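K.L.:
pasting the structure only:
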């Protein structure tokens, strides 16, 4: 409703301006004509001309003052009507010719501009009344000639037709204006509906863009985190590769220790063969002790030396077992470190974790076998100590009779049995060492495979990191474009 009122105010202001300009033009033309009559033809007095100028000045000043403050003022049209009617009344009553009534025609045309039938009828009636007064005054003054009466009839007819014409035109203009206003209002309502629809659409678009921006920000954040995770994986795999390299180096050291233990085991086997030969010889000597008493003492010393050497070899075996146990512990620690590195690598390190577990199991088996050998060596040491004691007794009781010889024979039989046990333990130790060597070789191969896998995963991580960087750049560009669209959509509101 307010917009409709503004439009009507603008239309009224336009009518006021047009009517004022038209009337001022008419009055200026009249002023020019009266100036010609006053100063050239000398048919009018200066006072009369001054009155005409006063009316024109009054119209110009009053309308300009009002229009400067309120262009759509309803008083302007009444001022226009009053000023010109006053001027017209003076002109027709002071006219020197019957044609002065024609000045009403441009006046009536000016009034049509306002398209106000009631307004036109008021002034038309006053103009008609003024012409009737003029005619009556003329008749009363004796101007009743036939020609003059005909002029009166023409004057009345012309003024009447002009008023009727003006009324008809006014009604037509008013109807046309109303139709135009109605169409304009309908157009405005349609435009307002479309504007509201556009605003609603822009609001929804802005909300959708805001949501998209939020989603893109979330995607950008997740992509950044994924990139960081890929970098962490890459770092973890690099650490894992370094650990595998260190493990390979330590595995080589373990292999050297295994080779050393294997060589010591071979020495033990050779010494056991020598011991067995000595035992066989000593058994023969024992059987001949009856006749070989003197030789028995020498043989006893030989046996004691051999047993001392055997005891030293047993101690050497304990040292070897200590080395094996240390190697097994270090292997288990390496397997544990490998499991930790595999866990840090996540999904990419799962295969390496399986290998690390197998290595840990092999290390545990090695520890169990080492403990078994250690137990057997302890038994061997106990038996060797017994043999040593028996040999000492043999030396001390070399001069005893047959009972002492029989005791010595039994002791040598025990020594033979213990030697066989030592030989069996040495064979088992050799098998364990062989298994340990195979397990260590498997560790080397697995570590090599894991190292290759680590290099491949590192390469893939680098590619993924590049993709993540490209995705981040793309998301940033999309966010910038969406924000630009959001700014443009908001500028439409």
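P.N.:
Everything's here; your move. None of the values given here were measured: they were computed from a predicted structure.
K.L.:
make it CA atoms for all contacts and neighbour counts henceforth
P.N.:
Fine.
K.L.:
quick one, longest helix in the chain?
P.N.:
As far as residue count goes, and with DSSP state H defining each element, the longest helix of the chain is helix 146-287.
K.L.:
which is the next helix or strand following that one?
P.N.:
Proceeding N to C from helix 146-287, the next assigned helix or strand is helix 293-345, under DSSP states H and E.
K.L.:
Show me what that next one is packed up against.
P.N.:
helix 146-287, helix 350-396 (3 or more Cα pairs under 8 Å, 6 or more residues apart in numbering; DSSP states H and E).
K.L.:
Compute the inter-axis angle for it and helix 146-287.
P.N.:
Inter-element angle recorded for helix 293-345 and helix 146-287: 180 degrees (by axes from the mean of the first three to the mean of the last three Cα atoms, to 10 degrees).
K.L.:
quick one: helix 293-345 to chain centroid distance?
P.N.:
Centroid separation for helix 293-345 versus its chain: 65 Å, with Cα atoms, centre = their mean, to the nearest Å.
K.L.:
likewise stretch 136-145?
P.N.:
Centre-to-centre, stretch 136-145 and its host chain are 100 Å apart (Cα atoms, centre = their mean).
K.L.:
can you check stretch 350-362 too?
P.N.:
40 Å.
K.L.:
about what we covered before: most tightly surrounded among the helices and strands packed on helix 293-345?
P.N.:
Among the helices and strands packed on helix 293-345, judged by mean count of other Cα atoms under 10 Å, the one packed with the most neighbours on average is helix 350-396 (a mean of 19).
K.L.:
Tell me the helices and strands packed up against that helix.
P.N.:
Against helix 350-396 (3+ Cα pairs under 8 Å, 6+ apart) you get helix 293-345, helix 402-491.
K.L.:
Now mean pLDDT too, for the helices and strands packed on helix 293-345, in CSV please.
P.N.:
As requested, the helices and strands packed on helix 293-345 are exported to CSV (pLDDT from 0 to 100):
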stretch, mean pLDDT
helix 146-287, 76
helix 350-396, 79
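K.L.:
Rebuild the ones you listed as TSV, extending it with distance to residue 323.
P.N.:
Shown next, in TSV, are the helices and strands packed on helix 293-345 (distance: least, Cα to Cα, whole Å):
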stretch	distance to residue 323
helix 146-287	8
helix 350-396	10
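K.L.:
now for these, which one comes closest to residue 104?
P.N.:
helix 146-287 (7.4 Å; Cα to Cα).
K.L.:
so is residue 399 in a helix, a strand, or just coil?
P.N.:
coil (DSSP: H, G, I helix; E, B strand; the rest coil).
K.L.:
Sticking with residue 57, tell me its helix or strand.
P.N.:
helix 46-69.
K.L.:
Next SSE downstream of that helix?
P.N.:
helix 75-93.
K.L.:
contacting residues around the next helix or strand after that next one?
P.N.:
With elements assigned by DSSP H and E, the helix or strand that comes after helix 75-93 is helix 104-112. With Cα atoms under 8 Å, 6 or more residues apart in numbering as the test, helix 104-112 has contacts from 19, 22-23, 26, 81, 84, 88, 120, 124, 127, 159, 162-163, 166-167, 169-170.
K.L.:
roughly how far is the helix holding residue 57 from the heart of the chain?
P.N.:
That offset, for helix 46-69, works out to 74 Å (Cα atoms, centre = their mean).
K.L.:
Report all helices and strands that the longest helix of the chain contacts.
P.N.:
Against helix 146-287 (3+ Cα pairs under 8 Å, 6+ apart) you get helix 104-112, helix 117-140, helix 293-345, helix 402-491.
K.L.:
Report the rounded mean pLDDT for the last one.
P.N.:
I take that to be helix 402-491. What helix 402-491 shows for mean pLDDT is 72.
K.L.:
Would you map out the domains in this protein?
P.N.:
2-179, 217-491 (automatic domain parsing).
K.L.:
who's in contact with residue 239?
P.N.:
residue 341.
K.L.:
that older thread, could you dump the helices and strands packed on helix 146-287 to CSV with mean neighbour count and distance to residue 232?
P.N.:
Listed next are the helices and strands packed on helix 146-287 as CSV, based on neighbours: other Cα atoms under 10 Å; distance: least, Cα to Cα, whole Å:
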stretch, mean neighbour count, distance to residue 232
helix 104-112, 21, 89
helix 117-140, 17, 90
helix 293-345, 19, 9
helix 402-491, 17, 10
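K.L.:
any chance of these in JSON lines, with distance to residue 273 too?
P.N.:
Formatted as JSON lines, the helices and strands packed on helix 146-287 follow (distance: least, Cα to Cα, whole Å):
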{"stretch": "helix 104-112", "distance to residue 273": "148"}
{"stretch": "helix 117-140", "distance to residue 273": "148"}
{"stretch": "helix 293-345", "distance to residue 273": "11"}
{"stretch": "helix 402-491", "distance to residue 273": "8"}
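K.L.:
mind checking which of those is nearest residue 45?
P.N.:
helix 117-140 (21.7 Å).
K.L.:
quick one: the closest one to chain centroid distance?
P.N.:
So, by Cα atoms, centre = their mean, the centroid of helix 117-140 is 84 Å from its chain's centroid.
K.L.:
what packs against it?
P.N.:
So helix 117-140, by 3+ Cα pairs under 8 Å, 6+ apart, packs with helix 75-93, helix 104-112, helix 146-287.
K.L.:
what's the model's confidence in it, averaged?
P.N.:
pLDDT averaged over helix 117-140 gives 91.
K.L.:
and the angle for that helix with helix 75-93?
P.N.:
10 degrees.
K.L.:
Run the angle between helix 117-140 and helix 104-112 for me.
P.N.:
Going by the same axes, to 10 degrees, helix 117-140 makes 160 degrees with helix 104-112.
K.L.:
begin at 17 from here
P.N.:
All right, first residue 17 from here; so that's helix 133-156.
K.L.:
Setting the sequence-adjacent residues aside, check what's closest to the residue positioned nearest the centre of the chain.
P.N.:
With distances taken as Cα atoms, centre = their mean, residue 233 lies nearest the centre of the chain, 2.3 Å away. In this structure, residue 233 finds its nearest non-sequential neighbour in residue 495, 7.7 Å apart by Cα to Cα, 6 or more residues apart in numbering.
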